[in-house]
Every structure is written in C-alpha cells, then in structure tokens.
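Colleague: Please work out how this folds:
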Amino acid sequence: MQSKLHSFLETFLNILSGMIIAFVISQLAHVYESEIQRYVWNGFEWKVGATSNVVMTVVLTIVSMIRGYSWRRFFNTRSRYETTKK
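Modeller: Numbering: from 1, shown residues only. Predicted coordinates for the structure are as follows:
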C-alpha cells in the first residue's frame, strides 16, 4: 500500500501537469479567441484576462487535488480492508 505522502505526491504531480496544460491551452485560446468562439463557444463573448485565468486555474486545481487525494485514500483504505479480510 502507498504511504499518505506517496499518494499526495502522485496526486500533486498529476494535477500540476494538468494545471500547466490547462493554463497553456487557455492562453492559446486568448490568441485565437475569435476562431475558438466561432467553433467552440458558439459566439459567447467571454473576456478573461491573464490574472483571472490564473486565479480560476489555481482554485480549480486545488479542488481537483483534494478530490483526487480523497478518492485515492478511499480506495487505498478499501484495498487494505479487503486484503486483511482474506
């Protein structure tokens, strides 16, 4: 079974890489804003600056880390319970 620290580090690295990718894609969306709005957002006129983008990305990243860590601990505990049950 993984230690709590190992679970945290695994989740942190997984989420951090997702955060970086999401931020890069969001920044590219600003460069190609009109094309993305036409094809993806169907004309929504959402104007989000870089600072707002960073804040939203960080908040959602923290929520995602908590969720991922909680699920990992839940299943590790369940796995340990099933192992000792046998």
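Colleague: Please count neighbours and contacts with C-alpha atoms only from this point.
Modeller: Fine.
Colleague: Going by neighbour count, which residues in the biggest helix by length in the chain are buried?
Modeller: The longest helix of the chain (DSSP state H) is helix 50-85. Neighbour-count burial for helix 50-85 flags 57, 61, 64, 65, 68, 69, 72, 73, 76 (criterion: 16 or more other CA atoms under 10 Å).
Colleague: do stretch 16-33 as well
Modeller: So stretch 16-33, judged by 16+ other CA under 10 Å, has buried residues 16, 19, 23, 26, 27, 33.
Colleague: just for this structure, where's the confidence low?
Modeller: 1-2, 29-30, 32-48, 81-83, 85-86 (pLDDT under 70).
Colleague: Show the contacting residues for residue 58.
Modeller: residue 19 (CA atoms under 8 Å, 6 or more residues apart in numbering).
Colleague: before we move on, which element is residue 8 in?
Modeller: helix 4-31 (DSSP states H and E).
Colleague: Give the other helices and strands that that helix contacts.
Modeller: Packing partners of helix 4-31 (3 or more CA pairs under 8 Å, 6 or more residues apart in numbering; DSSP states H and E): helix 50-85.
Colleague: The helix it packs on to helix 4-31, inter-axis angle?
Modeller: Helix 50-85 runs at 150 degrees relative to helix 4-31, counting by axes from the mean of the first three to the mean of the last three CA atoms, to 10 degrees.
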